[in-house]
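Enquirer: based on what follows, work out the 3D shape:
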Amino acid sequence: MADWHWEVDPDSLLDGLPMSAREEAERMAQEIAIRESMVFLDGAAFTGHNPGLRTESRGRLLLTYLTDVRGERIVVLQVTWFD
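Expert: Next comes the predicted model:
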């Protein structure tokens with residue numbers, strides 16, 4: 001993995017989530033960042049279109065995120081935890 005990372009927007013997005021939800025969201029975001037680094041090998045040199053807004057779910061967690069290929073990051077925009 002190059003310099004790929006993940007971040008949330010806004011910074012307070014994960015605040016208020018149960019600890020198990022927060023840990024799962026962080027784990028899933030890291031896995032997505034790793035996967036995207038393998039899909040978009042050109043990273044900052046990428047010249048195509050970004051894939052746009054996407055969602056991914058696992059168990060009770062749903063993440064909505066954008067892949068910023070040139071920025072080598074994913075930006076998590078929404079986290080839904082189903083109790």
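Enquirer: only C-alpha atoms for contact and neighbour calcs from this point on.
Expert: OK.
Enquirer: hmm, who's touching the helix or strand where Ala25 lies?
Expert: Of the helices and strands defined by DSSP states H and E, Ala25 is found in helix 19-39. Contacting residues not belonging to helix 19-39 are listed as 1-2, 4-6, 14, 43, 61, 63, 67, 72-74, 76, 79, 81 [Cα atoms under 8 Å, 6 or more residues apart in numbering].
Enquirer: give me the distance from it to the chain's centre.
Expert: Offset of helix 19-39 from its chain centre (Cα atoms, centre = their mean, to the nearest Å): 6 Å.
Enquirer: give the other helices and strands that the following helix or strand past it contacts.
Expert: For helix 19-39, the following helix or strand on the C-terminal side (DSSP H and E) is strand 53-58. Where contact means 3 or more Cα pairs under 8 Å, 6 or more residues apart in numbering; DSSP states H and E, strand 53-58 is packed against strand 61-68.
Enquirer: and the next helix or strand past the strand it packs on?
Expert: strand 73-81.
Enquirer: neighbouring strands for that following strand, and are they parallel or not?
Expert: With DSSP bridges as the test, strand 73-81 is paired with strand 5-8 (parallel), strand 61-68 (antiparallel).
Enquirer: kindly export that strand (C-alpha atoms) in PDB.
Expert: These are the backbone C-alpha positions of strand 73-81, laid out as PDB (Å, rounded to 0.1, in the frame of the first residue of the first chain):
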ATOM      1  CA  ARG A  73      -7.500   8.300   0.500                       C
ATOM      2  CA  ILE A  74     -11.100   7.400   1.200                       C
ATOM      3  CA  VAL A  75     -13.300   9.800   3.000                       C
ATOM      4  CA  VAL A  76     -16.000   8.300   5.100                       C
ATOM      5  CA  LEU A  77     -19.100  10.600   5.000                       C
ATOM      6  CA  GLN A  78     -21.700   8.600   6.900                       C
ATOM      7  CA  VAL A  79     -21.700   5.800   9.400                       C
ATOM      8  CA  THR A  80     -24.900   3.900  10.200                       C
ATOM      9  CA  TRP A  81     -25.000   1.500  13.000                       C
END
